[in-house]
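for reference, the sequence and a predicted model appear below.
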Amino acid sequence: MSSLKNKASLSRITEEFPRVIPSLGAIGLGFFVTGVLLFFFGYNPIQAYATLFEGAFSDIYSVCSTLNQATPLIFTGLAIVVAFSANVSNLGGEGQMYLGAFFAFLMGYGVSLPPVIHIPLTLLAGALGGALWSLPPIFLKAWGINEIVTTLMMNEIATLLTSYLTIYFFLEPTALMPETYRIKDTAVLPTMLPRTSLSWALVVGLACVAIVYYIVSRTSLGYKIRAVGLSPKAAEYGGISVKRTWVIAMLLSGALAGLAGSGITMGLYGRFIPGFSPGYGFKGIVVALTGLVTPIGALFAAIFFGAIRSGSISMRLTTGIPKEIGGAMEGLILVFVSIAYIIEKYYARKETGTGGERAGG
Amino acid sequence: MQERRLEREGKELAVKLISTRGILRILPTILLITFVVGISTYILASVAIMVLPLVMASLIAAMLRLAVPYALTSIGETISELSGIVNIGLEGLILLGAFSATYVTYFTNNPWLGVVVATFVSALVGFVHALISSHPKGNQLLSGLGINLFFWYFTAAMLIMVWGELAAGNSPDVPKIPQIQLPFAGPFGTISPFIILTFGFGIVAYFVLYKTAIGLRLRAVGENPAAADAAGLNVARIRIIVVIIGAVLAGLSGAYLAVDQQGMFLRYMSAGRGYMALAIVVFGNWNPLTVLGGGLLFGYAEALMIRLAPALGVGIPPQLLQAIPFLLVLAILITARGRARAPSSLGKPYKKE
């Protein structure tokens, strides 16, 4: 990496470009196979994809909607980048995000402060919620219990717990569907452009991309995370405490997933809605992996998948194709990414080894 | 040097494989279960003391019915994990099995044909996962997660594409698998063929895995692929075959949910069973018989939840009752720590040296 830094930016792009090919190939194959499935069920895939991209990029409002859809994915994608870099298989982004969203609601609703203090405090409350929810699985991992199943279970428990707290303690009495009271206006993130819903959460997300990039590639903590991710044994031998690095990476990952939740509570709904997530936590895995497990790559991937999501909503309106097709395509892309790991030699030197872990006790 | 090392590893492997996964290892887990089952049964009994025999009989029947998807899926996963391959994609495979069985049954009116097609398609998806995960550079976690994501959304989309926007939550009713009449048990003594199939699979899997040469080879591949390779076993081929078997059992439990238990496809009807199956395998210490027992325990927990909710439900929030199985999984993983011993190469791709 460092030797590449010194070269001119143009030659850097040409050198780095081949690394993107497997991701692009996986995305292309995902589109192709989904298109074949659509064709098989009597839809016109070309027309479908045309409306999808029109719905995602045609005017300022659709671009704003794309960026809004991308914002939570930036956070959950970054959460996965940090965890997978340390070889921690954090599949609990979903639950950490729910707790983050709920903690942000508590801080936004329960406290009265001027916006200058209230907004950062509410953001931090969300990060704290996510980090707290990531603590039990990582302590269990350090204690010898694999994190894959525990994080998955923590997801389900988080969904039920936040739904329970909403319905039994903070229920908005006039609402048709269960939701909490509104947070105070001082904690609401304003929209960036008038007459759009584009929230300032996007800017927080971009700042997090920069921070995570700096931490992972420029600090000693990032060095430790990457060393543990490449080979825990070698890192331990080199004097790095593997367990402590796991815990720090997981807390960071949980905090980022929690920020995704605060962004949604403060920027999108202004309240907590149980079960709001269409799987942002899991989509973060697709985002991180197609982004080559790097912060910058995750940013681009998040915008791309945000476009698919906002586009598939308008695709449903014009062509009648269910919007779930967009989610299905992401699943396919993840399978193709795992195939790309096999066929692409560029992945050989960047093995994250996320599968090289015991899955049980 | 290389040969000597392999010879030593081979000897160690032989010792490991002979020592059975004994019941003593999971004693604390069994105590926990006894405690949970005891307490919950006591609550139930005190609620319904007047009609106890009837309640217990119907509870056991419900337990058997609800245990099938847990047990069948986790027995399949046990076989696949003993060869060293984890399949996180069980959740997706259950949904695939459920949807394809409903789809075929809807258009042919023959639930058995639905089950056959579900078997076939889940074998096909299992084959893809097997190819990826038996490759030296393959990533089992990503492939499995991709399978889950894809079928989670794809079956929801198919529901709308096949039956229209109005059917957003569930498919129309389809014919169910006919139940088997038990001898001397009267008009209510019917049992699903899948229950018999599940017990059959569990017992057969135990004997094949732990009492035959085929099972020994399979476990050798999971414990030490290098030694198994040196002994002339085709590691990749064995792994591919067992991963397909595991996928088929997950698909079958999906088919059971759709064309036996519910008689329709419900969106997201797998409801986390695929993830819980992963924990049941750890709980059962990779022994098909204890895994079968773990499946029955989850069936019992679900049956209790269904019975308890209306009986005590006024005071207890439904979300807390729904959280019980997930909390149970965490408790099981914590108590099984150190006692359950995973196959040594579990989740690690095998690279030839």
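Arrived safely, thanks for sending. Numbers count the residues shown, from 1 in each chain, chains lettered A, B, ... in the order given.

any low-confidence regions in the stretch 1-150 of chain A?
Applying pLDDT under 70 to the stretch 1-150 of chain A flags residues A:1-16.

go on, the stretch 101-250 of chain B?
Looking along the stretch 101-250 of chain B with the criterion set at pLDDT under 70, you get B:165-168, B:183-189.

around chain A, which positions in it sit nearby?
B:128, B:132-133, B:135, B:137-143, B:145-154, B:156-158, B:160-162, B:165 (Cβ under 8 Å from any Cβ of the partner chain). C-beta: built from backbone N, CA, C; applies to glycine.

one more time with 10 Å
Within the stretch 101-250 of chain B, the positions adjacent to chain A are B:125, B:128-129, B:131-133, B:135-162, B:164-165, B:168 by Cβ under 10 Å from any Cβ of the partner chain.

mind listing what's buried along the helix or strand A:S314 falls within?
Secondary structure assignment for A:S314, by DSSP states H and E: helix A:295-319. Neighbour counts over helix A:295-319 (16 or more other Cβ atoms under 10 Å in any protein chain shown) mark A:295, A:297-316, A:319 as buried.

and if you look at stretch B:326-338?
By 16+ other Cβ under 10 Å, the buried positions in stretch B:326-338 come out as B:F326, B:L328, B:V329, B:L330, B:I332, B:L333, B:I334, B:T335, B:A336, B:R337.

longest helix in the chain, by residue count?
Answering for chain A, as no chain was given. Using DSSP state H, we find that the single longest helix of chain A is helix A:9-40.

try again with chain B
Counting residues, the longest helix found in chain B (DSSP H) is helix B:52-82.

can you tell me the residue of the stretch 51-200 of chain A closest to chain B?
In the stretch 51-200 of chain A, the residue that lies nearest chain B is A:Y164 (3.8 Å; Cβ to the nearest Cβ).

OK, now which residue of the stretch 201-350 of chain A is nearest to chain B?
Nearest residue of the stretch 201-350 of chain A to chain B: A:G331, at 2.8 Å (Cβ to the nearest Cβ).

tell me if that residue really is in a strand.
No: with DSSP: H, G, I helix; E, B strand; the rest coil as the criterion, A:G331 is located in helix rather than a strand.

hmm, A:K283 and B:W152 touching each other?
No: applying Cβ atoms under 10 Å as the test, B:W152 and A:K283 come out as separate, 11.2 Å apart.

and A:I119, how many neighbours?
Residues near A:I119, counting by other Cβ atoms under 10 Å in any protein chain shown, number 21.

from B:L90, how far off is the spatially most central residue of chain B?
Nearest residue to the geometric centre of chain B (Cα atoms, centre = their mean): B:T73, 1.9 Å. B:T73 sits 5 Å away from B:L90, going by Cβ to Cβ, to the nearest Å.

overlap in contacts, the two.
Here B:T73 and B:L90 share the contacting residues B:246-247, B:249-251, B:253-254, B:270, B:273-274, B:276-278, B:281, scored by Cβ atoms under 10 Å, 6 or more residues apart in numbering or on different chains.

looking at these, which is nearest chain A?
Closest approach between the shared contacts of B:T73 and B:L90 and chain A, by Cβ to the nearest Cβ: B:L278, at 5.1 Å.

pretty sure the closest one contacts B:G76?
No: B:L278 lies out of contact with B:G76 (Cβ under 10 Å); the separation is 11.4 Å.

who touches both of the two?
B:N87, B:L90.

more neighbours: which of these two?
Set side by side, B:L278 and B:G76 show more neighbours around B:G76, with 33 against 28, by other Cβ under 10 Å.

residues contacting the closest residue to that one other than its chain neighbours?
The shortest distance from B:G76 to any residue other than its chain neighbours is 2.9 Å, reached at B:L249 (Cβ to Cβ, 6 or more residues apart in numbering or on different chains). Taking Cβ under 10 Å, 6+ apart, we find B:L249 in contact with B:71-80, B:90, B:93-94, B:97, B:119, B:122, B:126, B:197-198, B:201, B:205, B:277.
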